[in-house]
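Asks: this one's structure only:
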């Protein structure tokens, strides 16, 4: 039998930088790909999944890895920058093996996989060797005393359940809590439907709402429909009203109405108003909750409002000044104060003195072409939207327009997949 030369635990590798031989950073390790060998032995480690600049995930074969330890990974040769696509026989360690339940062969009960060790043998091939597990419910009274005990066991000392068995997602969510919603959404898209639903179910409502907003509409509908109906309504409440309206617009009318009935009345009212607009209009694109203040408010108050973490940069770029009420639809719209103006005046300056009255608001019925043209003409990040009575009903941001103008599958678009040379010569 081959003698072990090197051993690393996968959880300790997550997020490590991957470099080429010249020290240039290729990307960051996000997962490890293994191939089951059935009764012939432990799974063969065939490669790693690396997140390269542009937030795209690519596959790097283990044959290209020249050094791997707990601080960095070095690869050499050619790396195909085509987006990673999992093949049928492959398993992702982090996405699909962490949190999997196994049965201990010694008869002491079940355990849950929390980490996996892989060894490099003299053949230079890598294989899964050890499992770091947390003991679950046990078969005997004595072993129940050891519940929640952690231990390292050989791969052969555990019986693997079928891939169709339910699987927790605690470890996956914990290991990816640093990811931005868009990057987490991309990781979800690489999973099977079963695993995607399991991970989505593990997320907190606010986190799931942020991630859903970054997914294609078909995936949003599938995940939301798989949730308990009350939880689906709770998640919709956490979404931006315009994104919630877009998602509900993709559902059957009866299902959408049921969810609206379960939402808090205030949030449901915002979404219902958006659903009344045609999707190609300013009203169909806008958010009904921009930053709105009265003319008596001060620069200091405005800066406090735009510092809110939940605001997108586009929404934080402008403060909309209206007469009361300040909730949309507001009192009479007076104008806009741009964030740069706030930085040029003392903290106690009233916003009414800074209003840009030359910026004409958009009608809520304005076509998207007019919206895009106005944003481009005046180099703006957002525009006010008013109804026929001159009341502010929302704001359209540049990212709202881009989302609408880009193809439906723009999140999955990869374009050409060039071969990147990482040292050495081709040929």
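Replies: Perfect, thanks for sending it. Just so you know, these numbers come straight off a predicted model, no measurement behind them.
Asks: Can you tell me the number of residues neighbouring the closest residue to residue 16 other than its chain neighbours?
Replies: With CB to CB, 6 or more residues apart in numbering as the measure, residue 29 is the residue that lies nearest to residue 16, at 5.0 Å, once sequence neighbours are left out. No exception for glycine: its C-beta is placed from N, CA and C like everyone else's. When neighbours are counted by other CB atoms under 10 Å, residue 29 registers 22.
Asks: Buried residues in the one helix or strand residue 220 maps to, which are they?
Replies: Residue 220 is part of helix 217-226 when elements are defined by DSSP states H and E. Using 16 or more other CB atoms under 10 Å as the test for burial, helix 217-226 gives 219-221, 223-224.
Asks: okay, these in TSV with distance to residue 235 and pLDDT next?
Replies: Below are those laid out as TSV (distance: CB to CB, whole Å; pLDDT from 0 to 100):
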residue	distance to residue 235	pLDDT
219	14	92
220	10	94
221	13	95
223	9	95
224	7	96
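Asks: out of those residues, which one sits closest to residue 160?
Replies: Closest approach to residue 160 among the buried residues of helix 217-226 (CB to CB): residue 223, at 26.9 Å.
Asks: If we ignore the residues flanking it in sequence, what's nearest the closest one?
Replies: Excluding its sequence neighbours, the residue lying closest to residue 223 (CB to CB, 6+ apart) is residue 200, at 4.9 Å.
Asks: For the one you found, give me its contacts.
Replies: 188, 208, 211, 223, 226-227 (CB atoms under 8 Å, 6 or more residues apart in numbering).
Asks: hang on, it in a helix?
Replies: Yes: under DSSP: H, G, I helix; E, B strand; the rest coil, residue 200 falls within a helix.
Asks: re earlier: just the closest of the contacts of residue 200 to residue 395, please.
Replies: Distances from residue 395 to these, taken by CB to CB, are shortest for residue 211, at 23.7 Å.
Asks: residues contacting that closest one?
Replies: 181, 184-185, 188, 200, 203.
Asks: circling back: buried residues, the helix or strand following the helix holding residue 220. List them.
Replies: Proceeding N to C from helix 217-226, the next assigned helix or strand is helix 229-238, under DSSP H and E. Neighbour-count burial for helix 229-238, counted by 16+ other CB under 10 Å, picks out 232-238.
Asks: Taking those, tell me the two that lie furthest apart.
Replies: Once CB to CB is applied, the buried residues of helix 229-238 give 232 and 238 as the farthest pair, at 11.1 Å.
Asks: about what we covered before: need the per-residue pLDDT for the residue nearest to residue 16.
Replies: Predicted confidence (pLDDT) for residue 29: 93.
Asks: what do you get for residue 423?
Replies: We have a pLDDT of 42 for residue 423.
Asks: Would you report the backbone torsion angles of the residue lying closest to residue 12 once chain neighbours are set aside?
Replies: Nearest in space to residue 12, with sequence neighbours left out and distances taken as CB to CB, 6+ apart, is residue 70 at 5.2 Å. Taking degrees, to the nearest 10, you get phi -80, psi 0 for the backbone angles of residue 70.
Asks: Could you pull out the helices in the stretch 201-350 of the chain for me?
Replies: Using DSSP state H, counting those that start in this stretch, the helices of the stretch 201-350 of the chain run over residues 205-212, 217-226, 229-238, 241-248, 253-262, 265-275, 282-285, 299-306, 313-316, 339-342.
Asks: Adding distance to residue 176 as columns, could you present the ones you listed in a markdown table?
Replies: Shown next, in a markdown table, are the helices of the stretch 201-350 of the chain (distance: least, CB to CB, whole Å):
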| stretch | distance to residue 176 |
| --- | --- |
| helix 205-212 | 10 |
| helix 217-226 | 16 |
| helix 229-238 | 18 |
| helix 241-248 | 21 |
| helix 253-262 | 27 |
| helix 265-275 | 28 |
| helix 282-285 | 31 |
| helix 299-306 | 29 |
| helix 313-316 | 23 |
| helix 339-342 | 32 |
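Asks: Looking at the contacts of residue 211, spot the one nearest residue 293.
Replies: For the contacts of residue 211, the nearest to residue 293 is residue 181 (27.8 Å; CB to CB).
Asks: ok, back up a step: redo the contacts of residue 200 as TSV? Include distance to residue 123.
Replies: Shown next, in TSV, are these (distance: CB to CB, whole Å):
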residue	distance to residue 123
188	35
208	44
211	41
223	42
226	43
227	46
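Asks: for the nearest residue to residue 267 once chain neighbours are set aside, what are its contacts?
Replies: In space, residue 267 comes closest to residue 237 once its chain neighbours are excluded; the distance is 4.8 Å by CB to CB, 6+ apart. Residues near residue 237 by CB under 8 Å, 6+ apart: 205, 244, 263-264, 267.
Asks: again, only using 7 Å
Replies: By CB atoms under 7 Å, 6 or more residues apart in numbering, the contact list for residue 237 reads 263-264, 267.
Asks: how close does it sit to residue 125?
Replies: According to CB to CB, to the nearest Å, residue 237 and residue 125 sit 50 Å apart.
Asks: Sketch out the low-pLDDT regions of the stretch 1-150 of the chain for me.
Replies: 1-5, 77, 136-147 (pLDDT under 70).
Asks: Would you state the helices of it in chain order?
Replies: Using DSSP H, counting those that start in this stretch, the helices of the stretch 1-150 of the chain run over 10-13, 141-144.
Asks: List the buried residues for the first one?
Replies: Going by neighbour count (16+ other CB under 10 Å), the buried part of helix 10-13 is 10-11, 13.
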